[in-house]
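**Q** need a structure here:
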Amino acid sequence: QVQLVESGGGLVQPGESLRLSCAASGSILNFNVMGWYRQGQGPGKERELVARITDGGSTNYADSVKGRFTISRDGAKNTVYLQMNSLKPEDTAVYYCNFFVVRVYNVWGRGTQVTVSS
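**A** So this is what the prediction gives:
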C-alpha cells in the first residue's frame, strides 16, 4: 500500500504564492506518476488535473496553470511539490495529491484547501 500526506494549503490574496507538498510512503514502485488535482466548490465542479510528473521527470500541466505553477519531485524523499505563483481567485479549490502506477495503484490524498481571496 501507499500512503500520501499533503501539506501547504492556506488562504492567500490574489497574486501571492503557495507551495504544496505531498510525501508518499509505503510500497513505492517504479514507473509511477505523482500529480495534483483540484476540485472547486459548487454544483458541477469536477476534479480536474492541475499538474503531474513521472518518476523520470516528464511533466504536464492544465492550460489554466501553465506559466504560473511548477511541479517538481524529490525522488529520494518520494515527495512531490507544487509551486503556485500569481494565484487567482479561480484557483480556489481543494487540492488532492495522487499516486498512480498502471494497473497497480491509484491512491488519493485527503486534500488540502487553497483559498485565494482579497
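
**Q** residue 82 versus residue 43, what's the distance?
**A** Computed with C-beta to C-beta, to the nearest Å, the distance linking residue 43 and residue 82 is 26 Å. C-beta: built from backbone N, CA, C; applies to glycine.

**Q** more crowded one of those two?
**A** Shown here are residue 43 and residue 82; by other C-beta atoms under 10 Å, residue 82 has more neighbours (25 against 4).

**Q** show me what counts as buried in whichever helix or strand that one is part of.
**A** Residue 82 belongs to strand 79-84 when assigned by DSSP states H and E. Across strand 79-84, burial judged by 16 or more other C-beta atoms under 10 Å covers 79, 80, 81, 82, 84.

**Q** the residue nearest to the spatial centre of the chain is in what secondary structure piece?
**A** The centroid of the chain falls nearest to residue 36 when counting by C-alpha atoms, centre = their mean (2.2 Å). In this structure, residue 36 sits in strand 33-39 according to DSSP H and E.

**Q** could you point out the helix or strand that follows that strand?
**A** With secondary structure assigned by DSSP H and E, strand 33-39 is succeeded by strand 48-54.
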